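*Asks:* sequence? don't have it. structure:
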């Protein structure tokens with residue numbers, strides 16, 4: 001069974017407290033467009049990331065607000081920032097790299113939360129059953145780009161009834177597979193049950 005492979009560029013998830021610190025008291029995130037996962041959306045707001053004398057400007061904010069703030073970058077972005085971010089699942093930010101967030105109304109010193117997001121597959125329970133996987137399984141996925149085919153390993157499966165079936169990889173991974181901006185397709189080739 002094939003599924004969509006989407007390339008996720010650098011972005012940040014913010015708490016409401018951090019939204020207000022960066023954009024002003026009472027500020028609400030401004031919706032631009034929906035993303036593929038239900039309820040998730042791209043916002044008009046942009047943040048600058050600062051680490052020492054390095055910075056990345058115009059980093060997209062994704063909504064809605066979260067319980068904790070986190071920054072998701074590619075390894076190439078981390079090299080540009082001279083950051084030692086580690087590969088983690090979204091939400092698993094304990095002990096990760098610090099980074100400064102700069103907005104038009106203020107600054108937030110994020111003590112941890114800078115990660116390279118682990119490639120993952122979102123699936124509903126029904127999709128997972130069709131794929132022969134369960135939540136937290138680790139799989140290898142064949143992805144075919146324009147003139148190039150790669151197998152990505154160590155892909156975590158995340159199962160939730162609210163998800164839409166899709167695999168998410170970062171821009172470095174998308175470029176390695178020579179995927180167009182619109183993404184591509186993948187299929188599971190092996191499953192490691194844990």
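*Replies:* All right, it came through fine. Just so we're clear, the structure is a prediction, and the values are computed from it rather than from any experiment.
*Asks:* The residue of the chain most remote from its centre: which element?
*Replies:* Farthest-out residue of the chain from its mean C-alpha position, per C-alpha atoms, centre = their mean: residue 25, at 27.0 Å. For residue 25, there is no host helix or strand (DSSP states H and E).
*Asks:* pLDDT at it, what is it?
*Replies:* Residue 25 carries a pLDDT value of 98.
*Asks:* Roughly how far does it sit from residue 61?
*Replies:* Plainly put, residue 25 is 17 Å away from residue 61 if you go by C-beta to C-beta, to the nearest Å. The C-beta positions use only the backbone N, C-alpha and C, and glycine is treated the same way.
*Asks:* now residue 161
*Replies:* 26 Å.
*Asks:* So these two - more neighbours on which side?
*Replies:* residue 61 (26 against 7; other C-beta atoms under 10 Å).
*Asks:* would the more buried one count as being in a strand?
*Replies:* Yes. Under DSSP: H, G, I helix; E, B strand; the rest coil, residue 61 falls within a strand.
*Asks:* got the residue ranges for the helices in this structure?
*Replies:* With DSSP state H, the ranges of helices along the chain come out as 16-23, 75-81, 125-131, 171-176.
*Asks:* okay, those helices in a markdown table with mean neighbour count and distance to residue 57 next?
*Replies:* What follows is the helices of the chain, written out as a markdown table (neighbours: other C-beta atoms under 10 Å; distance: least, C-beta to C-beta, whole Å):
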| stretch | mean neighbour count | distance to residue 57 |
| --- | --- | --- |
| helix 16-23 | 20 | 14 |
| helix 75-81 | 17 | 11 |
| helix 125-131 | 15 | 37 |
| helix 171-176 | 18 | 16 |
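*Asks:* Adding distance to residue 38, write those helices out as CSV.
*Replies:* Shown next, in CSV, are those (distance: least, C-beta to C-beta, whole Å):
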stretch, distance to residue 38
helix 16-23, 21
helix 75-81, 27
helix 125-131, 13
helix 171-176, 22
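*Asks:* What's opposite residue 97 in the beta bridge?
*Replies:* residue 114 (DSSP bridges).
*Asks:* doesn't residue 85 make contact with it?
*Replies:* Yes. Between residue 97 and residue 85 there is a contact under C-beta atoms under 8 Å: 5.0 Å.
*Asks:* domain parsing for this structure?
*Replies:* 9-117, 120-192 (automatic domain parsing).
*Asks:* Take the ones you listed and write them to CSV, including distance to residue 3.
*Replies:* Listed next are these as CSV, based on distance: least, C-beta to C-beta, whole Å:
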stretch, distance to residue 3
domain 9-117, 11
domain 120-192, 5
